[in-house]
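# give me the fold of what follows.
(one chain, ligands or ions: 3)
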Amino acid sequence: MTFPILPLLGADYSAALEAKPFIKLAGEAVIDASAFASEDDVLQVIRSLAENFRYVSLVLNAAEQFSLDQLVVLLNNGIYRLYVNSVLPQEFQDTIPASRVAAIPASVTPAAQISLESFTKVFLDLIETDRKDGLYTTLVVDSNERCLGLVYSSRESIEQAIAKQIGVYFSRSRNEIWVKGLTSGNTQTLLSIDVDCDSDALKFTVSQDGSGFCHLGTHTCFGDLAYGLNGLEHTLNDRKANAVQGSYTNRLFNDETLLNAKIKEEAEELTEATSKDELAWEAADLFYFAMARLVANGVSLQDVERNLAMKNLKITRRKGDAKARFLTKATSKDASANGNGPAAKKAKVAERTLGANDKIFLNVVSSSDVSGVTQAVTRPIQKTSEIMHLVNPIIDSVRSKGDSALIELTKKFDGVELKAPVLEAPFAAEYFEGLTEEMKESLDLSIENVRKFHAAQLQKKPLVVTTQPGVICSRFPRAIEKVGLYIPGGTAILPSTALMLGVPAQVAGCKEIVFASPPRKSDGKVSPEVVYVASKVGASKIVLAGGAQAVAAMAYGTESVPKVDKILGPGNQFVTAAKMYVQNDTQALCSIDMPAGPSEVLVIADEDADVDFVASDLLSQAEHGIDSQVILVGVKLSDKKIQEIQEAVHRQAIALPRVDIVRQCIAHSTIIRCETYPEAFDMSNKYAPEHLILQINEADRYVPLVDNAGSIFVGAYTPESCGDYSSGTNHTLPTYGYARQYSGANTTTFQKFITSQQVTSEGLDNIGKAVMCIAKVEGLDGHRNAVKIRMSKLGLLPKDFE
Ligand SMILES: NC(=O)c1ccc[n+]([C@@H]2O[C@H](COP(=O)([O-])OP(=O)(O)OC[C@H]3O[C@@H](n4cnc5c(N)ncnc54)[C@H](O)[C@@H]3O)[C@@H](O)[C@H]2O)c1
Ligand SMILES: N[C@H](CO)Cc1c[nH]c[nH+]1
Ligand SMILES: [Zn+2]
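Ligands and ions are numbered 1, 2, ... in the order given. Below you'll find the model as predicted:
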């Protein structure tokens, strides 16, 4: 319902508002057209009033004051309604929608004639309540119409609220007027008051200060506003006010070039997205960066919504054609993206590398720049809670619907329609099609090296230690019976991961080895190389699924996927989040190897390092994914050397087919300049990289300085790719800094260890008293008795022993 009095404002509108600020509470202001000489003057007033009023309307006493074109401009720029005292000419009626024209309401009153008393009175006269206590139910909302809470108003509290334009209510528990925030400091500015359709309930629109509306400290009485764009705006404002060292958002606030580049990048990705999930994902990314730009410049979501509301009021629309430069770009891009042949790839590379802004280079910071370094070593990962939001329904679906969910989700996420979700061993010949002899030899060589290194780790004899005479402790391994091995296949199919996991599983003696890998879009099969490795390591099944659904299937089992005891293998954030979830779910009874997410590398190089080697090592991990990160820690590198490395990175990167991925990874990758070797190793230990490459003089002498790393690559001729495929070490390694506490996959990852002890009478005599003493202090007499009974039967205790 509109407010029962609408202020009519003339040329002195600012003075009127200053003298009678309560008139804002009406929500709608009416401009007296006759008080303004030109359409531009009216536009100026609309702009000023839009801050204070939800709607701004125009009273036209004489239609001829403005031409039709001028009225259209005013209606297009925020005039909500035209109030007229006579019928508009036909030509006007043909153009202006009838809903935007009305007779001048009786409630329109010149501001000069409105007093606080008259304004309050008309409102109080309008409302009525049938509550016995005479109060009015009052809904409190913010300017985005989000409900903050439900309270009660008395006629007196309403009078005070109008007079002071703040949140004043009536407290039923204290039976008195309640000025919101008087004690807590969480005050409210009252923006408008509305009354409902039958005039017995009120709506106060407020701007809430402090920690929130609720006495419990939350934004609303229904919890915090963490959801959606408003939640995002809140978080961004918080980041801006309380700069969090190392936060990516902070980096965006401080680096306008990066922020603008991300907006363009996300806008482009949104145009390329096709599936519902992709579109939602990309749009969310775009909103995030756009919101960051707004917050950085002090623009609120409310300002944007006001603008949207104004645009919604437009009665004529522009044709909406795109600017020529965007059309040209889209066309050339479509043409080059058509087809995957080398020519198309080259065209794409050429298009992508045009212009100085497109140069691929790493950010450079000095080790003394504490905040620069903190930003540099912050991994570009999404919050677990955000990912879990997407992963939970996938897991639930597989748990409740089994194979049919696997088929459905594989169609949704991998674009493949499966008849059956599992391939059973022995694998039919058709699955090996396309496997060359050279490939078999390469896989065989790698398998043998990995086998040699992992077999050497196998502990064959039990470990036996006599801790005291008669007390023999031992420890012996047992293979974990059923293991599920995840082989990534999203942006690249990784048969190498199949062997890195399959070989140690076989060496450890796991009884059942299950592979899972997303099927190829082209033919719905897994690659013949993966099938070859599966047959060599004795896998019983290959689950044709990827992502969280594959993890859930192996953790809980489905009609055709056996439930396994442990899930191992790297993967993207969905895979990693699902692994983390199932290991915490006691119903799954399933452990995992480690969080092995997006690949990362830290290279320590000095002035003598070969710039091409350094660049190639950085790029080999950068090409894994846009969420990968590569870091170069340079020891006393000259400006010239850094320049040469940057040039080598750019030169090599633009020749790679995955240059698009590399470009995005390099955008959050950095060169950190250090003065000494120990400083560089200290930096590396803090980062705890998945891969650490040492391209420094006498590299092997420095290995003892490494405390945290997944795997180390020592010296100029040890590229990281050797460890990825063939040297013999495992490439499934902890990322995200988990190298601080996790080892990479190894033979023991596929085993568990059982301990055993045997205590003789002599042994009991040696340790029995200690056991009884500690059990007594813990108040566990049953434990104590188990020893006491035996010792007393053996005559090892004095008669009066208590
Ligand atoms: N740390 C290590 O040891 C190690 C080793 C090898 C690879 N890696 C990393 O593994 C990762 C492999 O990732 P990948 O994406 O190429 O393959 P992936 O197999 O891990 O993930 C692909 C699957 O993700 C799922 N998925 C994709 N988009 C989704 C969405 N919007 N919602 C839900 N599910 C979705 C799909 O089911 C798809 O099958 C890379 O980041 C790589 O760097 C790490
Ligand atoms: N570098 C990856 C581990 O982070 C493993 C891999 C497989 N293929 C190529 N590389
Ligand atoms: Zn790799």
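
# so which helix or strand takes in the residue of the stretch 601-750 of the chain found nearest ligand 1?
Closest approach between the stretch 601-750 of the chain and ligand 1, counting by C-beta to the nearest ligand atom: H624, at 3.4 Å. Heads up, the C-betas are built off the backbone N, CA and C, glycines and all. H624 belongs to no helix or strand when assigned by DSSP states H and E.

# separation between the residue nearest to it when sequence neighbours are not counted and ligand 1?
Distance criterion C-beta to C-beta, 6 or more residues apart in numbering; nearest residue to H624, sequence neighbours excluded, is S599 at 4.0 Å. Distance, S599 to ligand 1, using C-beta to the nearest ligand atom, to the nearest Å: 3 Å.

# 5 is where my numbering starts, stick with that
All right, first residue 5 from here; so that's S603.

# what pLDDT does S603 get?
S603 carries a pLDDT value of 95.

# now for the closest residue to ligand 2 within the stretch 455-604 of the chain: which residues touch it?
Nearest to ligand 2 in the stretch 455-604 of the chain, going by C-beta to the nearest ligand atom, is S603, at a distance of 3.2 Å. By C-beta atoms under 8 Å, 6 or more residues apart in numbering, the contact list for S603 reads P574, Q625, H628, G629, S632, E694, H695, T739.

# list the contacts of the fourth one.
Contacts of G629 were listed using C-beta under 8 Å, 6+ apart, and they are T495, N576, P602, S603, I665, C669.

# what kind of secondary structure is the fifth one in?
Three-state secondary structure (criterion: DSSP: H, G, I helix; E, B strand; the rest coil) places I665 in helix.

# now swap in the last one and tell me
Of the three states, C669 takes helix under three-state DSSP.

# give me the number of residues near it?
28 (other C-beta atoms under 10 Å).

# same question, Y585
A count of neighbours around Y585, defined by other C-beta under 10 Å, yields 22.

# and V144, what are its phi and psi?
phi -110, psi 120 (degrees, to the nearest 10).

# same check, this time on the one 10 residues further on
L154 has phi and psi values of phi -120, psi 130 when expressed as degrees, to the nearest 10.

# who does it form a beta bridge with?
Note on L154: beta-bridge partners L143, judged by DSSP bridges.

# okay, it: pLDDT?
Reported pLDDT for L154: 96.

# go ahead and confirm it touches C225.
Yes: applying C-beta atoms under 8 Å, one finds L154 in contact with C225, separated by 7.2 Å.

# between those two, which one's more packed in?
A direct count of neighbours by other C-beta under 10 Å for L154 and C225 places C225 higher, at 16 against 12.

# how near is that one to ligand 1?
From C225 to ligand 1 the distance is 34 Å (C-beta to the nearest ligand atom).

# cool, and L572?
Taking C-beta to the nearest ligand atom, one finds L572 at 10 Å from ligand 1.

# with A424 instead?
Using C-beta to the nearest ligand atom, A424 is found at 17 Å from ligand 1.

# how many other residues sit next to Q668?
Using other C-beta under 10 Å: Q668 sits among 19 other residues.

# doesn't S632 make contact with it?
No: Q668 is beyond contact range of S632, at 9.1 Å (criterion: C-beta under 8 Å).

# hey, what's S370 bridged with?
R677.

# helix or strand with the lowest mean pLDDT in the protein?
helix 346-357 (a mean of 35; mean pLDDT, DSSP states H and E).
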